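In: Next comes the sequence, and after it the predicted model I'd like to discuss.
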Amino acid sequence: MFNELLRNLETNTNDIAEGDYLKDGLYHCHICNTPKQYKLETNGQVYFMPIRCQCKKDKDKAKQDYEKQSRLLTRKQMALGDNEMLEWDFAHDDGSSPKITEAAKRYCEQFPHFKSIGKGLMFYGPVGTGKTFVAAQIVNELVEKGYRCYMTQITRLVNGMPKELTERNKYIDKLNDYDLLVLDDFS
């Protein structure tokens with residue numbers, strides 16, 4: 001069985017493309033000049049096993065990175081609900097409130113602890129002082145770390161609540177599934 005598998009792999013030349021060349025008895029990629037095979041010797045038999053060349057590995061990694069970034073973007077969009085807030089992160093902070101930014105960063109760093117004891121933050125102050133921006137920074141950071149977050153205005157939350165008690169309980173249970181719930185414009 002093992003030898004049959006080896007023979008099938010050995011004869012599989014689907015990855016050999018026009019322009020690929022033999023060097024030291026192995027096919028090499030004509031683009032990146034790295035091997036597309038390796039030599040396996042077992043029980044006195046020699047087999048040439050297919051492997052991915054470096055440019056194929058790089059292409060696969062780039063595709064994985066793109067898919068990962070796409071999933072992250074989708075999670076952030078779902079968490080924030082406003083595409084403008086996608087760039088409201090610590091990297092885009094203008095430095096106008098260093099103490100608040102530092103407190104928000106510490107909260108993110110210690111989030112597992114704060115979550116376990118049910119402790120949150122409350123930002124208050126006049127309109128235009130950056131409360132929503134800091135909250136979005138926290139959400140962006142925690143979503144990047146894999147946490148499930150949801151940021152909404154309190155009026156949207158209340159207006160979305162179903163009238164029927166059983167549906168209302170399901171609605172509240174769904175909100176409890178988030179690691180972090182941010183209620184904006186509380187007053």
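Out: Structure received.

In: Pretty sure Y21 sits against I31.
Out: No. Between Y21 and I31 no contact is recorded; they are 11.2 Å apart, counting by C-beta atoms under 8 Å. Glycine gets a C-beta too; all of them are placed from N, C-alpha and C.

In: middle-most residue in this structure, spatially?
Out: Centrality entry for the chain: nearest residue to the mean C-alpha point is L72, 3.9 Å, by C-alpha atoms, centre = their mean.

In: Near the residue nearest to that one when sequence neighbours are not counted, how many other residues are there?
Out: By the measure of C-beta to C-beta, 6 or more residues apart in numbering, the closest residue to L72 outside its immediate chain neighbours is E144, 6.6 Å from it. Applying other C-beta atoms under 10 Å, we find 13 residues neighbouring E144.

In: Ok, T155 next?
Out: In terms of burial, T155 registers 12 neighbours under the definition other C-beta under 10 Å.

In: K61 too?
Out: Residues lying near K61 (other C-beta under 10 Å) number 10.

In: any low-confidence regions in this protein?
Out: Under the criterion of pLDDT under 70, the regions of the chain flagged as low confidence span 1-14, 187.

In: Let's see that with 90 instead.
Out: Judged against pLDDT under 90, the low-scoring parts of the chain cover residues 1-16, 81-82, 124-125, 128-129, 154, 157-158, 161, 163, 165-166, 185-187.

In: still on that earlier bit, the residue nearest to L72 and L157, how far apart?
Out: With distances defined as C-beta to C-beta, to the nearest Å, the gap from E144 to L157 amounts to 24 Å.
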